[in-house]
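Engineer: Sequence and predicted structure below; questions after.
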Amino acid sequence: MSAAMPEARWRDYPWRLIRGEPLAPPMNLALDEVLTRRVGVDERPPTLRFWDWAAPAVVLGRFQPVENEVDEETADGYGVEVVRRMTGGGAMFGEPENIITYSIYAPPKLVAGMSSVDSYAFFDVWAVEALRSLGVGAWYEPINDITSSDGKIGGAAQARRTGAVLHHVMMSYEMDVPKMLRVLRIGQEKLTDKAIQSAEKRVGPLRRQTQLPREEIIRRMISTFEHNAGTSLVEDRIVPEELAEAEELVRTKYGTREWTYLVP
Amino acid sequence: MHGEYKTPGGKLVIADFDVQNGCLAGVEVSGDFFLEPPKALEGIIGALEDAPRTSRRRSSRTASAPPSAPRSRWWASPPKRSPAP
């Protein structure tokens, strides 16, 4: 019976929940790689991780050169770190209190038989449902956006690697649009009032749409995920070996110039 | 040379390269696309490197990329001078 309904597949796993301390941007990206691998080799059950940032960052997609996407001098001036993630997709600008970020580390069986585009939709269903339950007119926009009648909310990116699927999402809770436009090179627009207004209209941060505290939105997302998975999430933490592995990956990859300034 | 191609409703693929002796050289492909595994990009770039600038689509078929790889219809010449089919 459940085989006919892909959404029932969420119920097949003992999902864990990680809510960690705010971490440096490269550390968060390294943990995504480590936890994906751990789930892939059965060293950790499928996991949902909401993560917090210790510093503002531009997170580049795997195939984007820094100079195309970031005004580095301005980013430096704002103390915005530039980092590269393991997944494709576009650059995102985020500040610690202004963003909701989470990752799902899952066995490939969860999305077996789905095209990669279909699997984006599948992974985003519960998140869209959570936002709708808070009164946001949200929907999934192929290939990888979560958007709304009030503007774009966020984007997802996936990797299928080391025996597991990583699906991570960045949603804007608040957006300092002029700052974003100064830090990211979006088109060749000049930073006029008109450009700012037009960008303001294209983004639909969740605070503007819900007037709710960020934490309340995260709590609703967790309860919607639990409802979807038909189970309570087991609170979990990053174990010391995972942390050590991630620290090593920051040293050798995510924290290095070679990786950040990679020319694809 | 520099070329950009946005798949309809989709992702941007950017190619930068020189032409030396009628062949592509120093090819770089970037953009906000997805590609699994990421190493497949090396196959795509390898197929473009040294390809005659007059070639059309042959090389994109021989690239060792999965079917989901972005198709690069414009890469052999600047889009303005020779629109992609």
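Structural biologist: It's in. Since we're looking at a predicted model, the values are computed, not measured. Numbering: from 1, shown residues only, chains lettered A, B, ... in the order given.
Engineer: Give the burial count for the residue lying closest to A:S232 once chain neighbours are set aside, as a bare number.
Structural biologist: Residue nearest to A:S232 in three dimensions, not counting chain neighbours: A:E226, with 5.6 Å by C-beta to C-beta, 6 or more residues apart in numbering or on different chains. (Glycine included, C-beta is placed from N, CA and C.) If you count neighbours by other C-beta atoms under 10 Å in any protein chain shown, A:E226 ends up with 17.
Engineer: same deal with the one 3 residues further on?
Structural biologist: For A:A229, the tally of surrounding residues (other C-beta under 10 Å) stands at 19.
Engineer: what's the distance between it and chain B?
Structural biologist: Per C-beta to the nearest C-beta, to the nearest Å, A:A229 is found 25 Å from chain B.
Engineer: ok, for that residue, nearest residue in space, not its chain neighbours?
Structural biologist: Nearest one to A:A229, counting by C-beta to C-beta, 6+ apart, is A:W10 at 4.4 Å.
Engineer: Can you list phi and psi of that neighbour for me?
Structural biologist: Backbone torsions for A:W10, taken as degrees, to the nearest 10, come to phi -60, psi -30.
Engineer: Identify the residues contacting it.
Structural biologist: Shown in contact with A:W10 (C-beta atoms under 8 Å, 6 or more residues apart in numbering or on different chains): A:110, A:126, A:228-230.
Engineer: Over to A:N144?
Structural biologist: A:89, A:120, A:155-158, B:34.
Engineer: tally of neighbours for residue 42?
Structural biologist: Picked chain A for this. Counted by other C-beta under 10 Å, the residues lying close to A:D42 total 10.
Engineer: switch to chain B, that's the one I care about
Structural biologist: 15.
Engineer: and if you look at A:R49?
Structural biologist: Neighbourhood size, A:R49 [other C-beta under 10 Å]: 21.
Engineer: cool, and the one 3 residues further on?
Structural biologist: Other residues near A:D52 come to 17 when the count uses other C-beta under 10 Å.
Engineer: Not counting residues beside it along the chain, what's closest to it?
Structural biologist: Spatial nearest neighbour of A:D52, excluding adjacent residues (C-beta to C-beta, 6+ apart): A:P22 at 3.9 Å.
Engineer: ok, so what distance separates that neighbour from B:D50?
Structural biologist: Separation of A:P22 from B:D50 (C-beta to C-beta, to the nearest Å): 48 Å.
Engineer: again with A:A121
Structural biologist: Taking C-beta to C-beta as the measure, A:A121 and B:D50 are separated by 40 Å.
Engineer: Looking at these two, which one has more neighbours?
Structural biologist: A:A121 (18 against 13).
Engineer: unless I'm mixing things up, that one is touching A:E141, no?
Structural biologist: No: with contact defined as C-beta atoms under 8 Å, A:A121 does not reach A:E141; the gap is 9.7 Å.
Engineer: List buried members of the contacts of A:W10 by neighbour count.
Structural biologist: A:110, A:126, A:228-229 (16 or more other C-beta atoms under 10 Å in any protein chain shown).
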